[in-house]
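Q: please find the sequence and the predicted model below.
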Amino acid sequence: MTDENIWKALDDDVLKDSIRKRPGMYIGGIGPTGLESMILQVLDHLLQLAVDIKQAELSIELSERQFIFSFFSKKGLFLDKRPEEQYTPPYLFLSVVNALSEQLGFGVEKSGKRTIQIYQDGQLSKKALIPSEDEGQRIEMAFTPAETFFGNKQLSYFILFNRCQELAMLNSGLTISLTDNKQQKNYFHYEQGLVDYIFQKDESITRGSTPLLINTVSEGVTIQAVISKNGSTSIKDSFVNGHFPADGGTHLDGFIDGTVDAVNQFLKETNRLQYLTAENFPERFDIVLSIRLKRPRYTGAVKKKIRNPELYKILKEAVFTEVSTFLKRHPGWYLN
């Protein structure tokens, strides 16, 4: 695959100038909050480039004010413009990092060679082509955020720790390593994915039974979810392409209503009182939902709520089918 669009994103002076003039449009603001947003965008967008996330490895190193990312995939990376990017500049996150960094080193490794370019204040200063014997493909980034925009306060290690752990749980099989100036290192790899996410957060003493798992695709939307019976419920987390819209949205509404309808149908068929509602649902279940779709649409620039109207029906129907089938096969899961 061609990597032409990647280099174009780094060399687009018009876009870089726009980013510098209005950084809030791209990362929500400046200072420590803006730095956190930019770093987390890099983390999220790199993972989206993997052809097979289960075959991918991401390493992150914090070294004083510098951030170093290396993302490797045995199955390859999406190095050309992806379909979901057709309404935004491809690899926009690279333009943002280059525009808002004092220095950026960026490399692409593929087909037995590494292309490395060094940028100073957004402008190309050096370029090198180095032979490589690695199989697979790799993207490398090392950048120093500009004090002009972010000041000199360091990003908390635990912000990255929490997000890396979360992403590893959302992408079972993915391997992430995180190092802080060689003083501490953490390794994230979860084979059970969302089940590990639930078990990490919920109260095991009051957990009712083995969680109900959903893994399906409907109308181009990949749906994964875990529903855990728990007397001490506290989790109602939903993710869209790895992003956490804090106020939920149509995807979560559809998921809850589909589950409620399936449970009430099961209770009716077994001659029991139908009492579950969308309002009391959170009192009985811990849930984590993760969906992937091509073009999510959000309310507001900070993406706190997803508003794709079609997602309500897609999630409701798909989850109703999955939960209904499960309860017919395992009636004791809900009744015990």
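A: Everything's here; your move. All of these numbers come straight from a predicted model, not from anything done at the bench.
Q: switch to C-alpha atoms for all contacts and neighbour counts from now on
A: OK.
Q: ok so residue 296 is a helix residue?
A: No - Residue 296 is assigned coil when assessed by DSSP: H, G, I helix; E, B strand; the rest coil, not a helix.
Q: look up phi and psi at it.
A: The phi and psi torsions at residue 296 (degrees, to the nearest 10) take the values phi -70, psi 150.
Q: which residues touch the closest residue to it other than its chain neighbours?
A: The shortest distance from residue 296 to any non-neighbouring residue, by C-alpha to C-alpha, 6 or more residues apart in numbering, is to residue 308 (6.5 Å). Residues in contact with residue 308 (C-alpha atoms under 8 Å, 6 or more residues apart in numbering) are 250, 251, 296, 297, 298.
Q: quick check: pLDDT value at residue 308.
A: With respect to pLDDT, residue 308 scores 90.
Q: quick check, pLDDT for residue 257.
A: Residue 257 is assigned a predicted lDDT (pLDDT) of 95.
Q: measure it to residue 245 for me?
A: In this view, residue 257 and residue 245 are 18 Å apart by C-alpha to C-alpha, to the nearest Å.
Q: what do you get for residue 273?
A: From residue 273 to residue 245 the distance is 34 Å (C-alpha to C-alpha).
Q: which of the two has more neighbours?
A: residue 245 (18 against 9; other C-alpha atoms under 10 Å).
Q: quick one: neighbours of the closest residue in space to residue 31 that isn't next to it in sequence, just the number.
A: Leaving aside its sequence neighbours, residue 31 sits nearest to residue 150 (C-alpha to C-alpha, 6+ apart; 4.0 Å). Residues lying near residue 150 (other C-alpha under 10 Å) number 19.
Q: for residue 150, what are its contacts?
A: Residue 150 touches 30, 31, 32, 34, 35, counting by C-alpha under 8 Å, 6+ apart.
Q: you'd agree the third one is in a helix?
A: By that I understand residue 32. Yes - assessed by three-state DSSP, residue 32 belongs to a helix.
Q: so it sits against residue 153, correct?
A: Yes - here residue 32 reaches residue 153: they are 6.8 Å apart, a contact under C-alpha atoms under 8 Å.
Q: so for these two, which residue has more residues nearby?
A: Neighbours were counted for residue 32 and for residue 153 using other C-alpha under 10 Å; residue 32 has more, 17 against 11.
Q: quick one: the strands in the stretch 101-250 of the chain, in order.
A: For the stretch 101-250 of the chain, applying DSSP state E, counting those that start in this stretch gives strands covering 101-110, 113-120, 123-131, 137-145, 175-180, 184-188, 212-218, 221-229, 236-240.
Q: next, the buried residues of the second one.
A: Using 16 or more other C-alpha atoms under 10 Å as the burial criterion, the residues of strand 113-120 that qualify are 114, 115, 116, 117, 118, 119, 120.
Q: then the third one?
A: Buried residues in strand 123-131, counting neighbours by 16+ other C-alpha under 10 Å, are found at 123, 124.
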